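Novice: 3D model of this:
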Amino acid sequence: MALLIHMLACAFGSGSWVAVNGLWVELPLIVNVLPEDWNLPSYLTVIIQLANIGPLLVTLTHKMFPGRLKESMVIYAILSIGVLSCILLAFFWDHTTVVAGELHSTAFFILTFFLSLVDCTSSVTFLPFMMQLPPKYITTYFLGEGLSGLVPSLVALVQGVGIAKCVNTTHNNSDAVNSWSLQTQYLPPNFSTEVFFFFLAAMMCISLAAFCTLNRLPLTVELSTENLVPDAAASVCSDLDNPAAEMDGDGVKCPGEGTDRSRATLAKAKHSLYQLTFIYFMVVWVNAATNGLLPSVQTYSCMPYGSLAYHLSAALSSVANPVACTITMFFPNRSLVFLGVLGFLGTGFGSYNMAMAALSPCPLLQNSAIGEAVIVLSWVVFMGTLTYVKVMVGIILRDRSHSALVWCGAAAQAGSLVGSVTMFPLVNVYKLFKSGDLCNTTCPS
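Specialist: Residues are numbered from 1 along each chain as shown. Modelled structure (predicted):
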């Protein structure tokens, strides 16, 4: 029975952020088809932030009507919506309509909103449900939550990306004279985008089936009498931060450490006002960078180096997220100096990524293997280092007090929102970033 519950908890957790993570790693194939082209990621960052209305409504319902909301019914609803949305996405992801005189991917945007709503709301429903089980199963749930980012990334790597080639195309003009031009054509990947979305639907179905089984476990299963609370790492190991981090963390053992309530009290006493200001600044900045600023221009940063570079940077940077979370469990470091240096290092790599996006369509080291390797490595290190910082500052604030963790969640959401809203007009209104074409863009040598 214990092994079965561990497997079910892992499968249940794998459905937490699999949809959003899957959409993000599939973008290298989607941007070549949808009319938004390289601007597509900036739309997604805003849509995902809007989906936080889900956890906000759940939180307000708990505050205003204590004990009236049944988490199990909400989980049934959101997982069912997730399965249906993934299936519909497989059929309608490339359907477009004219909005305000321009062609837009309305079906893709609407379904992306519902998938984001599912994943964001899971942050404030999945963990409260898992609190009914003994503490040993929470770790397994966190493992499944990590797999929700890792598995889609690995599948995307297996899927590959269509290799681009330049072909001559004939055009007939009004004078009946044939003209020639080069056009970029992409060879098909190992399997289609539709198959990938059906795979996401299958993972959501597995999570739903696991929850149905867990929810119907016999009453003889040993339940914990302790008021278990979520690990702060859970709220930052997903692609976007979530309000689940607002729960009380006093007295909870940290990953890789023996932190108890007395040590949390000591941690609270040793932070000055300046240190707390620095910690919250890191929370805002790291979330703004990783959830809004940089993801909005990843296409401009990577596509000039080729579809393969973009594909690898998207997939491997998503892999770097759960890997960094795992590292914090075995090698936690609470030193603010160390975290500040690490945050500065990650910001440096992020600045390089932003600079290459600003130089698009002619970034440094273009058309060279070194340039491709550097941009991929820069994105991986950027995501890995800043994810580590997010986890550790979350743990520090969790051990300080309940209110500190509440403000941590608020700061994280504020940073993500500001980053997304800042970049959207810069990309889509003021057109500060320029797209290019592999076969027709001429760059100075």
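Novice: okay, CA-based contacts and neighbour counts for the rest of this
Specialist: OK.
Novice: buried ones in the host helix or strand of F344?
Specialist: Here F344 sits within helix 336-359, counting by DSSP states H and E. Buried residues in helix 336-359, counted by 16 or more other Cα atoms under 10 Å: 336, 339, 342-343, 345-347, 349-354, 356-359.
Novice: what packs against it?
Specialist: helix 273-288, helix 298-302, helix 369-400 (3 or more Cα pairs under 8 Å, 6 or more residues apart in numbering; DSSP states H and E).
Novice: Quick one: work out the angle between the very next helix or strand once past the shortest one and helix 369-400.
Specialist: Spelled out, it's helix 298-302. As assigned by DSSP H and E, the chain's next helix or strand after helix 298-302 is helix 307-330. Going by axes from the mean of the first three to the mean of the last three Cα atoms, to 10 degrees, helix 307-330 is angled at 30 degrees with respect to helix 369-400.
Novice: Adjust the sequence numbering to begin at 55 for everything that follows.
Specialist: Sounds good: first residue 55 from here, last item helix 361-384.
Novice: so what does helix 361-384 touch, helix or strand wise?
Specialist: helix 72-84, helix 190-213, helix 352-356, helix 423-454.
Novice: Which elements pack onto the shortest one?
Specialist: Translated: helix 352-356. helix 361-384, helix 390-413, helix 423-454.
Novice: And those helices: which comes nearest Q467?
Specialist: Nearest of the helices and strands packed on helix 352-356 to Q467, taken as Cα to Cα: helix 423-454 at 12.5 Å.
Novice: on that earlier part again, would you single out the least confident of the helices and strands packed on helix 361-384?
Specialist: Ranked by mean pLDDT, the helices and strands packed on helix 361-384 end with helix 190-213 at the bottom, a mean of 89.
Novice: Sort out which residues of it are buried, please.
Specialist: Across helix 190-213, burial judged by 16+ other Cα under 10 Å covers 191-207, 209-211, 213.
Novice: Residue ranges in this structure under the pLDDT threshold?
Specialist: 216-217, 224-235, 272-323, 499 (pLDDT under 70).
Novice: now the angle from the helix holding F398 to helix 423-454?
Specialist: 140 degrees.
Novice: OK, contacts around P358?
Specialist: Residues in contact with P358 (Cα atoms under 8 Å, 6 or more residues apart in numbering) are 414-417, 420, 490-492.
Novice: For these, which ChimeraX command selects only the ones that are buried?
Specialist: Of the contacts of P358, the buried ones go into a single ChimeraX selection, burial set by 16+ other Cα under 10 Å:
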select :414,415,416,417,420,492
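Novice: I'd like the contacts of P358 as TSV, with secondary structure and distance to L114 appended.
Specialist: Shown next, in TSV, are the contacts of P358 (DSSP: H, G, I helix; E, B strand; the rest coil; distance: Cα to Cα, whole Å):
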residue	secondary structure	distance to L114
S414	coil	44
P415	coil	46
C416	coil	48
P417	coil	47
Q420	coil	50
G490	coil	46
D491	coil	48
L492	coil	49
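Novice: on that earlier part again, reformat the helices and strands packed on helix 352-356 into JSON lines and put distance to V483 next to each item.
Specialist: Below are the helices and strands packed on helix 352-356 laid out as JSON lines (distance: least, Cα to Cα, whole Å):
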{"stretch": "helix 361-384", "distance to V483": "24"}
{"stretch": "helix 390-413", "distance to V483": "15"}
{"stretch": "helix 423-454", "distance to V483": "26"}
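Novice: Can you work out which other helices and strands pack against the helix or strand I59 falls within?
Specialist: Assigned by DSSP H and E, I59 falls within helix 56-67. Counting contacts by 3+ Cα pairs under 8 Å, 6+ apart, helix 56-67 packs against helix 190-213, helix 247-269.
Novice: Between those, which one is closest to T382.
Specialist: helix 190-213 (13.0 Å).
Novice: what angle sits between the helix or strand hosting A161 and helix 56-67?
Specialist: If you go by DSSP H and E, A161 is part of helix 160-176. Angle of helix 160-176 versus helix 56-67, following the same axes, to 10 degrees, is 140 degrees.
Novice: who's in contact with helix 160-176?
Specialist: Helix 160-176 is contacted by residues 70-74, 98, 101-102, 104-109, 112, 129, 132-133, 135-136, 139-140, 142-143, 146-151, 296 when judged by Cα under 8 Å, 6+ apart.
Novice: from these, which would you call buried?
Specialist: Buried members of the contacts of helix 160-176, counted by 16+ other Cα under 10 Å: 70-74, 98, 101-102, 105-106, 108-109, 112, 129, 132-133, 135-136, 139-140, 142-143, 146-148, 150, 296.
Novice: Inside helices: which ones of those residues?
Specialist: 72-74, 98, 101-102, 108-109, 112, 129, 132-133, 135-136, 139-140, 142-143, 146 (DSSP state H).
Novice: Just give me how far stretch 485-494 sits from the chain centre.
Specialist: 26 Å (Cα atoms, centre = their mean, to the nearest Å).
Novice: neighbours around the nearest residue to W339 once chain neighbours are set aside, how many?
Specialist: Take W339 and drop its neighbours on the chain: the residue closest to it by Cα to Cα, 6 or more residues apart in numbering is G469, 6.2 Å away. By other Cα atoms under 10 Å, 25 other residues sit near G469.
Novice: V435 too?
Specialist: 22.
Novice: Which of the helices or strands spans C220?
Specialist: strand 218-226.
Novice: Can you tell me what sits against the helix holding I59?
Specialist: 180, 191-192, 194-199, 202, 260-262, 264-265, 267-268.
Novice: quick one: that helix to helix 247-269, angle?
Specialist: Using the same axes, to 10 degrees: helix 56-67 against helix 247-269 is 130 degrees.
Novice: and helix 56-67 with helix 190-213, angle?
Specialist: 50 degrees.
Novice: Which residues belonging to helix 56-67 are considered buried?
Specialist: For helix 56-67, by 16+ other Cα under 10 Å, it's 59-67.
Novice: Could you list the alpha-carbon positions for that helix in PDB?
Specialist: Output of helix 56-67 as PDB, limited to C-alpha atoms (Å, rounded to 0.1, in the frame of the first residue of the first chain):
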ATOM      1  CA  ALA A  56       2.800   2.400   0.800                       C
ATOM      2  CA  LEU A  57       4.500   1.900  -2.500                       C
ATOM      3  CA  LEU A  58       1.200   2.300  -4.300                       C
ATOM      4  CA  ILE A  59       0.500   5.600  -2.500                       C
ATOM      5  CA  HIS A  60       4.100   6.800  -3.400                       C
ATOM      6  CA  MET A  61       3.400   6.100  -7.100                       C
ATOM      7  CA  LEU A  62       0.000   7.800  -7.000                       C
ATOM      8  CA  ALA A  63       1.400  10.900  -5.200                       C
ATOM      9  CA  CYS A  64       4.200  11.200  -7.800                       C
ATOM     10  CA  ALA A  65       1.700  10.800 -10.700                       C
ATOM     11  CA  PHE A  66      -0.700  13.300  -9.100                       C
ATOM     12  CA  GLY A  67       2.100  15.900  -8.700                       C
END
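Novice: Centre of the chain to that helix, how far?
Specialist: Distance of helix 56-67 from its chain centroid, counting by Cα atoms, centre = their mean, is 23 Å.
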